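In: Here is the input, now give the coordinates:
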Amino acid sequence: MTRKPYDVWAPRPRRLRLSVGDAMVEMTRGPDDWWTPSGPVPDITTEVDYGYLIDDEDVPRPDPRSRRQPAGVHQRSRTYDPAGHTWRDQAWTGRQLAGSVIYELHVGTFTPEGTLDAALDRLDHLRSIGVDLVELMPVNAFNGSHNWGYDGVAWFAVQEEYGGPAAYQRFVDGCHGAGIGVIQDVVYNHLGPSGNYLPLFGPYLKEGRNAWGDLVNLDGDGSAEVRSYIRDNVRMWLADYHVDGLRLDAVHALSDASRPHLLAQLAVDVAALSAHQRRPLTLIAESDLNDPVLVTPREAGGYGLDAQWSDDFHHALHVALTGETQGYYADFAPLSALAKVCERGFFHDGTWSSFRGRPHGVPIDRATMPTWRLVVGSQNHDQVGNRARGDRLAESLDDDQLACAALLTLAGPFTPMLFQGEEWAASTPFQFFTSHPEEDLGRATAEGRIAEFAEHGWDPGQVPDPQDPATYERSRLDWSETHGERGRRLLAVYRRLAQLRRALPELTDPAFTHLRCEADEERRLFVMHRGETTAAVNFGHQPARVRVGDAEVLFETPSGVTLADGVLALPPHGGALVRSAG
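Out: Take a look at the predicted model:
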């Protein structure tokens with residue numbers, strides 16, 4: 001049902017008044033608990049500030065579906081008409097996930113300016129490394145000036161520091177003009193700790209908490225409208241802002257006992273919208289469940305999402321590169337773990353997880369599921385930012401090891417996702433940062449962060465204060481590094497691998513059954529066969545040799561390799577991609 005401007009769902013108040021501009025307008029409740037203004041109001045195309053006075057309050061609250069919060073999430077909303085943007089992407093036909101490369105970025109730290117408009121200036125760079133889809137960390141409005149974005153409370157508004165909704169539309173339009181699709185990271189499993197006024201209007205939350213906050217009411221009284229709130233938010237991104245896909249944060253934290261499950265409902269909605277728009281629209285789940293039911297088609301009894309993250313690939317590759325085995329890395333110590341992940345998608349597919357203290361995961365049907373449904377990376381915001389110091393692989397690994405990480409990610413069987421700056425071995429960390437104006441909340445956030453790392457064995461003294469502005473500033477990328485010796489060397493690695501991904505069908509072959517891996521634990525030698533191509537990586541500290549037969553070297557890590565008489569010689573930490581010459 002199409003609602004009029006300023007209409008709001010609010011079953012809890014007894015009285016509601018609209019504060020719009022300098023006027024005050026009484027509102028009338030309908031039988032469905034939607035309120036509508038009783039008198040004349042400005043047209044939505046007129047920029048005006050507005051909010052709602054609930055019962056006897058004299059402070060207006062922002063619109064639950066606010067498109068703009070120019071003065072912050074505690075103040076009145078401002079109207080924004082998305083139809084006011086003149087789109088230039090009429091020829092855009094989208095990007096399918098199969099065969100694509102994703103690039104994850106945080107708008108505030110991606111450029112010195114930290115805006116969507118500034119990010120547009122870097123699109124040529126992204127194209128040079130083969131990026132097909134750029135994934136933005138959450139941009140919904142949060143309290144403060146900088147944040148990872150997962151503390152958002154105004155799901156329909158774009159953070160003003162990034163440029164607001166108009167800049168967002170310009171960004172998507174510009175990406176499409178450059179041949180790059182946009183995936184937006186969205187959070188539906190909780191709301192941030194400051195500025196969440198939704199419970200004053202209706203039962204948006206229910207009893208219970210997950211790791212980040214109160215549970216969203218997906219299956220209790222009033223949940224039909226709460227689910228519509230989320231479904232309409234999905235439609236906003238894909239229709240009003242022409243976004244090509246959504247990454248759904250931590251879907252394992254969604255508490256929903258109803259049928260259909262919210263995820264299945266969203267999959268149906270998005271499939272219908274995709275058919276209408278005649279372009280691919282993608283839903284990617286971040287999930288800790290290792291359960292392929294999320295991406296199993298609805299016809300086969302699954303939820304019908306398009307893809308999900310596979311942290312097991314990251315964990316296995318990280319351990320092979322660094323030797324770190326604390327915490328959840330312990331189970332991935334054998335090199336055979338990396339081989340199993342590449343061949344089967346998950347390492348934990350019903351196996352014992354020592355970190356969880358129980359069996360974990362469900363096997364993938366390799367005969368029917370395509371490999372591209374799993375999104376993987378050697379680094380991402382979680383795996384870097386949730387380290388005590390937010391340190392990247394570039395801090396502890398040499399250039400050959402970094403090139404090996406890129407080789408297995410980009411030449412492996414899954415959908416690769418790069419994390420901002422990894423392509424030039426960025427030296428800047430990506431640390432956890434917040435800017436809560438409330439002193440108590442800021443202190444609690446910092447203390448909670450220290451306690452969390454202490455539980456995992458990290459030195460609390462290494463944990464930067466997330467409220468310190470310097471923590472945010474340290475996390476900004478330094479683009480001058482792309483011109484340095486190390487930056488140029490690693491960029492050449494990523495650009496060469498991007499060329500090979502485009503040229504060789506084997507590197508985007510979606511069949512699990514067309515892949516075979518070998519792991520030599522003693523020599524720390526890993527070999528992955530995909531059709532006529534073979535990727536060989538020496539994770540050990542001694543030279544290694546592997547027989548590849550009559551082949552040519554297509555890619556080698558910076559220190560180089562030699563190929564003679566069908567034997568590939570790899571230096572310590574070296575790797576190569578070869579193709580049979582037969």
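In: alpha carbons only for contacts and neighbour counts from here, please
Out: OK.
In: From start to finish, how long is stretch 304-314 in a straight line?
Out: 24 Å (C-alpha to C-alpha, to the nearest Å).
In: got the contact list for that stretch?
Out: Stretch 304-314 is contacted from outside by 263-264, 267-268, 282-288, 290, 294-298, 338, 341-342, 345-348, 372-379, using C-alpha atoms under 8 Å, 6 or more residues apart in numbering.
In: any idea which helix or strand carries the closest residue to Gly149 other than its chain neighbours?
Out: Spatial nearest neighbour of Gly149, excluding adjacent residues (C-alpha to C-alpha, 6 or more residues apart in numbering): Pro138 at 4.7 Å. Assessed by DSSP states H and E, Pro138 sits outside every helix and strand.
In: before we move on, what about Gln169?
Out: helix 164-177.
In: Which strands or helices does that helix pack on?
Out: Counting contacts by 3 or more C-alpha pairs under 8 Å, 6 or more residues apart in numbering; DSSP states H and E, helix 164-177 packs against helix 116-120, strand 154-158, strand 181-186.
In: let's go with 7 Å and repeat that
Out: helix 116-120 (3 or more C-alpha pairs under 7 Å, 6 or more residues apart in numbering; DSSP states H and E).
In: Could you write me a ChimeraX select line covering just the buried ones among the contacts of stretch 304-314?
Out: The command below creates a ChimeraX selection of those among those that count as buried (16 or more other C-alpha atoms under 10 Å):
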select :263,264,267,268,282,283,284,285,286,287,288,290,294,295,296,297,338,341,342,345,346,347,348,372,373,374,375,376,377,378,379
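In: residue contacts, Ala394?
Out: 402, 425-427 (C-alpha atoms under 7 Å, 6 or more residues apart in numbering).
In: Glu324 falls within a strand, correct?
Out: No: counting by DSSP: H, G, I helix; E, B strand; the rest coil, Glu324 falls outside a strand, being coil.
In: Quick check: nearest residue in space to it, chain neighbours excluded?
Out: Nearest to Glu324 is His318, by C-alpha to C-alpha, 6+ apart, at 7.6 Å.
In: The one you found sits in which helix or strand?
Out: helix 311-322.
In: now the angle from the helix or strand just after that helix to helix 311-322?
Out: Next helix or strand after helix 311-322 toward the C-terminus (DSSP H and E): helix 336-344. Put simply, helix 336-344 runs at 140 degrees to helix 311-322, going by axes from the mean of the first three to the mean of the last three C-alpha atoms, to 10 degrees.
In: Tell me which other helices or strands helix 336-344 touches.
Out: Right, helix 336-344 is packed against helix 311-322, strand 515-520 by 3+ C-alpha pairs under 7 Å, 6+ apart.
In: which other residues reach the lowest-mean-pLDDT helix or strand in the chain?
Out: Sorting the helices and strands of the chain by mean pLDDT, DSSP states H and E puts helix 439-455 at the bottom, at a mean of 80. Contact with helix 439-455 is made by 388, 436, 460, 463, 465-467, as judged by C-alpha under 7 Å, 6+ apart.
In: go again using 8 Å as the cut-off
Out: For helix 439-455, contacts defined as C-alpha under 8 Å, 6+ apart pick out 388, 434-436, 459-460, 463, 465-467.
In: again, but for stretch 22-42
Out: For stretch 22-42, using C-alpha under 8 Å, 6+ apart, the contacting residues are 4, 6-11, 15-20, 48.
In: Pull the number of nearby residues for Gln75.
Out: 18 (other C-alpha atoms under 10 Å).
In: That one contacts Arg61, correct?
Out: Yes: counting by C-alpha atoms under 8 Å, Gln75 does reach Arg61; the two are 6.8 Å apart.
In: circling back to that earlier point, give me the angle between the helix holding Gln169 and strand 154-158.
Out: In terms of direction (the same axes, to 10 degrees), helix 164-177 departs from strand 154-158 by 70 degrees.
In: give me the low-pLDDT residue ranges for this protein?
Out: For the chain, applying pLDDT under 70 flags the ranges 1-2, 454-457, 582.
In: Just the buried residues of the top helix by length along the chain, please?
Out: The longest helix of the chain (DSSP state H) is helix 485-503. For helix 485-503, the neighbour count (16+ other C-alpha under 10 Å) marks 486-487, 489-498, 500-501 as buried.
In: do the same with stretch 429-449
Out: For stretch 429-449, using 16+ other C-alpha under 10 Å, the buried residues are 429-436, 442, 445-446, 449.
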